[in-house]
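S.K.: A predicted structure for the sequence below; I have some questions about it.
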Amino acid sequence: MAFQELLNQVGSLGRFQILQIVFLFLLNAIAMSHIAMENFTGAVPSHRCWVPILDNDTVSDNDSRILSQGDLLRISIPLDSNQRLDKCRRFVQPQWHLLQLNGTFSNVTEPDTEPCLDGWVYDRSNFLSTTVTKWGLVCGSQTLNSVSKFSLMIGIFIGGIVYGHLPDRWLSESARWLIMTNRPQKALKELRRVAQINGMDSGDSLTMEVVRTSMKKELEAAKTKSSPSDLFHTPILCKQIYLLSFVRLLALLSICGLAINLQHLSPNVILLQFLLGAVAIPVNVIGHFVLNHMGRKVGQQVILSFGGICILTTIFVPEEMQTVRISMVILGGAVSFLSNASNRLHENELLPTSLRSTALGIIGVISNTGLFMAPLIMMLVAYSASLPWIIYGSCSILSAFIVFLLPETKNQPLPESIHDIRNERKHTKQAKKEDLIIKVTRF
């Protein structure tokens, strides 16, 4: 707890920490807004084939002028399996005889149909223009809509790598990390700066001697310099990195799959997006208490499982039950966002300070595969409308099972170095051995 005593001297939660939180909040808000906007810029409005008899202003057929729009649609557009206007086909010739069949097709002959050779007519009551209406990304070209979302995720990934160093200009380096990398002078400078921003008078009393005395153990460990290769030469740490990577990969796949495809779950995307943002705030507050009460491991399992169950439940709720359907979507989305935060917390408490940034970078690169896969999985809707959502929900539940293989970190000291990780494993093995001896000698 030596470092905690130093933090208390410079202000553990003051103006400096609040400014960092606000700055990070703004950065995340900008990034998340681009993902959320995909539900609007890439929305797929209701559509049907363009037909000359109804949509060509120059047509002056006497029969078409005396018929209602419903009648014209009836003789121009076939019905799909749900007895709704087909979105991707039209009759080759107007089927005038259908006006006499009371809404049923003739059992004698099947009218010839064809694709929408002249384009589509879109319902513009909610969205005047989207990438879908502009480039005709429907029917045979609907997979290109997922490709456009894939391009967005590629941009986010590349942007994170190229511009990821920019926050270092405004965010102070961790004093704990500086000490663990054997740079106590710079750590002292950062601690004094934090004390000055927080208005703490104790900043002037911080000297190198105080830092060395308080962090004696950490400075001793820092003399053994760690290298990134140690991440893969330490079996227990290597295992944890792989497990954390797959947990975050599956969680991101589920989160992004839901976040960029809300339009497929409810026709009122604007209301759904607003409610999701409003509910996410109290859910994250509740999640804080869940993680502190249940622990990082069990708490994260509950959160990931519940989010996946909400997504799977949404699939089997009939579209007529919109209130239940929207409730499941909102809960699933809010809990999914919480799962990302709980995963990051668990990562930071498992990884040693001296190599934490490197390890998190490796985990980020591996797990960002989930960003790429999320929009591509939606292509499977061409085979089954439920299949993508089954995958999104199942991935969240599967990640909960993987968390079971990770150790608990609640009320445990943060590992400072590779040495601490090895000692922890040694103590764990010794404790298990002693427990086994007690059980054996009890009888």
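M.R.: Perfect, thanks for sending it.
S.K.: need the next SSE after the helix or strand where residue 239 lies, C-terminal direction.
M.R.: Element membership for residue 239 (DSSP states H and E) is helix 235-259. Per DSSP H and E, the first helix or strand lying C-terminal to helix 235-259 is helix 269-294.
S.K.: Can you list the helices and strands that that next one packs against?
M.R.: Packed against helix 269-294 by the contact rule (3 or more Cβ pairs under 8 Å, 6 or more residues apart in numbering; DSSP states H and E) you find helix 15-41, helix 296-316, helix 322-350. Where C-beta positions appear, they are placed from N, C-alpha and C, glycine not excepted.
S.K.: Okay, buried residues for the helix holding residue 239 please.
M.R.: Residues of helix 235-259 classed as buried under the neighbour-count rule (16 or more other Cβ atoms under 10 Å) are 237, 240-259.
S.K.: residues in contact with the residue nearest the centre of the chain?
M.R.: Compute the mean C-alpha point of the chain, and by Cα atoms, centre = their mean the closest residue is residue 255, 3.2 Å away. Residue 255 makes contacts with 336-337, 339-340, 374, as judged by Cβ atoms under 8 Å, 6 or more residues apart in numbering.
S.K.: and which of those is nearest residue 406?
M.R.: Distance to residue 406 across these (Cβ to Cβ) is lowest for residue 339, with 14.1 Å.
S.K.: coming back round to it: just the contacts of residue 255 now: which is nearest residue 67?
M.R.: For the contacts of residue 255, the nearest to residue 67 is residue 374 (45.6 Å; Cβ to Cβ).
S.K.: residues near the closest one, how many?
M.R.: Residue 374 has 27 neighbours, counted by other Cβ atoms under 10 Å.
S.K.: Residue 249 is in contact with that one, correct?
M.R.: No - using Cβ atoms under 8 Å as the test, residue 374 is too far from residue 249 to be in contact (10.4 Å).
S.K.: on that earlier part again, list just the one of the helices and strands packed on helix 269-294 that sits closest to residue 113.
M.R.: Per Cβ to Cβ, nearest to residue 113 of those: helix 296-316, 29.7 Å.
S.K.: Show me how far the closest one is from its chain's centre.
M.R.: Distance, stretch centre to chain centre, for helix 296-316: 14 Å (Cα atoms, centre = their mean, to the nearest Å).
S.K.: which strands and helices sit next to it?
M.R.: Counting by 3+ Cβ pairs under 8 Å, 6+ apart, helix 296-316 packs on helix 235-259, helix 269-294, helix 322-350, helix 387-403.
S.K.: Direction-wise, compare it with helix 235-259 and give the angle.
M.R.: For helix 296-316 against helix 235-259, the angle by axes from the mean of the first three to the mean of the last three Cα atoms, to 10 degrees is 30 degrees.
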